[in-house]
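1. When you get a sec, could you give me coordinates for this:
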Amino acid sequence: MASLIESIHSPADLKKLTPEQMTGLAEEIRAFLIQTLARTGGHLGPNLGVVELTLAIHAVFNTPTDKLLFDVSHQAYVHKILTGRLDRMETIRQPGGLNGFMLRTESAHDAYGAGHAGTALSAALGMAVARDLTGGSEHVIAVAGDAAFTNGISFEALNNIAGQTKRLIVVLNDNEWSIDRNVGAIARYFHRVVTNEHYQHLHASAARMLERIAGKTVRNVARRAEEAAKGLLWPSMLFEEFDLEYFGPIDGHNIPLLVETFKFLKTLDRPVLLHVLTQKGRGFQPALDGQKKFHGLGPYDPETGKTSAGQLTYAESFANTLVDLANRDPRIVAITAAMPNGTGLDLFRPHHPKRYFDVGIAEEHAVVFAAGMATQGYRPFCAIYSTFLQRAFDPVVHDVALQKLPVVFCMDRAGLSGDDGPTHHGLFDISYLRGIPEMVLMAPKDEDELADMMKTATTLEGPSAIRYPRGPVVGVARKPEARALPVGKAEVLEDGSDVAILGMGPMVSMARELGERLERGGYSAAVINPRFIKPLDREMLELYARRVAAFVTFEDHVLMGGFGSAVIEALQDMGLTVPVLRVGWPDQFIEHGKVDALRARYGLTAAAAEARVLPLLGRRKRPTLVAS
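-> A predicted model of the protein is given here:
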């Protein structure tokens with residue numbers, strides 16, 4: 001007998017299934033995801049948790065006419081399967097394949113692309129208001145995890161929904177997890193609601209009745225159960241204070257209940273919020289046991305969930321160094337915005353639990369919170385992905401730099417972030433940070449230098465930022481104790497007189513390779529580790545500008561406003577006209593793919609740089625000695 005999953009080519013096919021068949025399809029989808037992602041890697045846990053919820057939404061609503069949005073959208077794999085992309089799921093996050101998030105250019109069913117949290121409610125409201133203005137009748141459904149409600153943007157949207165539209169459906173997907181367990185008052189509030197035995201009993205009764213009854217009675221039953229529960233326990237529910245009518249919590253894995261509830265919600269002419277309870281990683285025991293690991297991971301064994309042992313990462317090296325520094329310096333505190341695992345701070349937490357702070361998905365708050373602590377003599381280390389720190393640009397400028405506070409921004413995922421694609425490539429942080437007065441901006445060539453830069457940051461009287469890549473470290477030994485570096489001084493790795501090659505951070509290896517190529521061709525190449533993007537080592541630049549025929553700069557960053565641009569500006573300020581060949585990313589968003597393949601495609605290689613720099617070197621080539 002043909003499998004159900006292979007019969008689904010669009011949501012229209014799903015609507016032909018009976019509730020029993022949909023339950024069977026849910027199990028097939030789970031098995032398919034477990035097997036497929038074992039080969040490709042991806043966000044397994046979040047997608048296993050939303051199978052029934054996604055099925056029910058597509059069974060009731062009609063995308064792409066109706067607009068379905070997922071907050072973050074890493075949990076949209078089931079949506080992709082149901083909207084005609086089953087045959088391409090094995091390409092997800094692979095070069096040239098499906099994106100790991102919703103992408104408007106990938107399918108008409110992807111109403112809104114996103115890879116960061118907190119955007120779904122605002123975008124959905126924008127779509128709903130646009131519908132109202134044009135006289136449309138389509139539905140707009142925003143699915144947001146409970147962690148998204150720790151994000152300020154979500155609350156800004158909630159504050160506006162009731163006043164700006166009459167029809168919008170918000171689905172709160174409550175699984176107690178984002179990547180790590182959710183934290184803060186909002187998370188505790190949701191937990192109190194769903195664990196109260198009286199509330200659970202009332203909703204269990206309502207659920208049983210909804211399963212049996214359809215039509216107008218559904219509305220009356222649901223309303224009576226809700227009012228009774230809220231009257232007993234919560235006189236003023238959080239969401240109804242925002243004038244969203246609240247329904248739930250209900251079982252997010254009960255397809256008949258979900259379908260009937262969504263049919264009912266379609267009839268309402270007011271903004272509503274449906275609270276559903278789901279289990280992240282459902283159907284795969286290793287994912288249930290390892291929630292953080294299976295949020296997003298590489299290939300794994302589909303039977304056991306085991307992954308191959310990886311090398312030490314920059315995030316782990318950062319955390320280990322921070323533990324060492326904190327052992328010696330009681331002023332040091334660590335702050336993360338819901339990313340203890342991704343940033344490595346879950347390794348710091350056991351050593352200094354009272355000096356570890358997870359503020360939830362709230363990067364702006366994290367930075368201002370750090371500023372407040374810095375005013376009282378502490379040395380906050382804010383560990384935030386390069387792309388996530390973009391959200392906190394104003395607090396970095398206004399609250400930290402303007403007040404010259406010694407907050408340290410440790411930017412993981414600086415540079416290309418491979419499989420995650422353009423939502424996570426950290427290719428803009430040099431541009432948005434180097435123009436800020438008082439900021440010291442650094443990039444280490446290896447893990448030992450990262451430790452030295454972290455030590456350096458603790459000696460500064462103002463703000464600093466350190467950018468380092470995702471993935472394994474170089475593999476050099478860290479010194480027993482980190483040492484502070486002289487601020488604004490580069491490290492000359494190889495001296496030379498024809499060309500000066502500057503490799504920013506991990507691009508030092510590419511600079512070395514280019515130097516070796518040019519040396520073999522008869523040129524004298526200096527290889528330099530700049531260390532500091534701001535302040536630049538102007539003394540070094542002037543020295544080599546009076547000696548070499550050209551500079552070459554390598555950076556894992558966009559060229560516009562990047563490190564190479566800073567070198568050109570500095571040389572011009574000094575009245576020096578040596579040409580600068582810049583190697584970096586073009587002025588466009590870079591797709592997902594393997595880092596080495598993308599670098600080759602866009603010319604970020606030593607071979608490509610060599611071909612471009614040779615014409616600048618002119619007659620500098622040393623003569624070849626011929627034996628007489």
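
2. mind showing which ranges of the stretch 151-300 of the chain have poor pLDDT?
-> For the stretch 151-300 of the chain, the stretches flagged by pLDDT under 70 are 176-237, 293.

3. And the strands in it?
-> Counting by DSSP state E, counting those that start in this stretch, one finds strands in the stretch 151-300 of the chain at the ranges 169-174, 245-251, 272-277.

4. Need the residues that contact the last one.
-> Translated: strand 272-277. 53, 168-175, 190, 193-194, 239, 244-252, 258, 261-262, 265 (Cβ atoms under 8 Å, 6 or more residues apart in numbering). Every residue, glycine included, has its C-beta placed from N, CA and C.

5. Direction included, what does that strand pair up with?
-> Strand pairing for strand 272-277, using DSSP bridges, gives strand 169-174 (parallel), strand 245-251 (parallel).

6. Please name whichever of the ones you listed is nearest to Ala597.
-> strand 169-174 (34.7 Å; Cβ to Cβ).

7. Could you pull out the buried residues of the closest one?
-> Ile169, Val170, Val171, Leu172, Asn173, Asp174 (16 or more other Cβ atoms under 10 Å).

8. With distance to Pro579 added, can I get the strands paired with strand 272-277 in a markdown table?
-> Below are the strands paired with strand 272-277 laid out as a markdown table (distance: least, Cβ to Cβ, whole Å):
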| stretch | distance to Pro579 |
| --- | --- |
| strand 169-174 | 55 |
| strand 245-251 | 64 |
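
9. Looking at the ones you listed, spot the one closest to Phe369.
-> strand 169-174 (25.5 Å).

10. remind me, longest helix of this structure?
-> helix 19-40 (DSSP state H).

11. wait, what's in contact with Pro286?
-> Phe294, Tyr300, Thr304, Gly305, Lys306.

12. run the last query once more with 10 Å
-> Neighbour list for Pro286: 34, 44-45, 293-294, 300-307 [criterion: Cβ atoms under 10 Å, 6 or more residues apart in numbering].

13. Same question for Arg93.
-> The contact partners of Arg93, by Cβ under 10 Å, 6+ apart, come to 37, 40-43, 99-101, 296, 298, 418-421, 592-593.

14. quick one: the residue most central in space within the chain from Ala114, how far?
-> Centroid-nearest residue in the chain: His424, 5.1 Å away (criterion: Cα atoms, centre = their mean). Per Cβ to Cβ, to the nearest Å, His424 is found 12 Å from Ala114.

15. which residues are common contacts for the two?
-> The contact sets of His424 and Ala114 overlap at Phe101 (Cβ under 10 Å, 6+ apart).

16. Can you check which strand is longest in this structure?
-> Using DSSP state E to define each element, the chain has its longest strand at strand 550-558.

17. buried sites along the next helix or strand after it?
-> Downstream of strand 550-558, the first helix or strand assigned by DSSP states H and E is helix 563-573. Using 16+ other Cβ under 10 Å as the burial criterion, the residues of helix 563-573 that qualify are Phe563, Gly564, Ser565, Ala566, Val567, Ala570, Leu571.

18. of the residues you listed, closest to Val72?
-> Val72 lies nearest to Phe563 out of those, by Cβ to Cβ, at 30.5 Å.

19. Could you find the closest non-adjacent residue to the closest one?
-> Excluding its sequence neighbours, the residue lying closest to Phe563 (Cβ to Cβ, 6 or more residues apart in numbering) is Glu555, at 4.3 Å.

20. ditto for Phe589
-> Once flanking residues are discounted, Phe589 sits nearest to Pro422: 4.2 Å by Cβ to Cβ, 6+ apart.

21. got the contact list for the residue nearest to Phe563?
-> Applying Cβ under 10 Å, 6+ apart to Glu555 gives the contacts 415, 427, 430, 443, 502-505, 507, 510, 530, 533, 562-567, 582-585, 604.

22. what comes up buried for the helix or strand hosting Phe393?
-> Element membership of Phe393 [criterion: DSSP H and E] is helix 393-395. Along helix 393-395, these residues count as buried under the neighbour rule (16+ other Cβ under 10 Å): Pro395.
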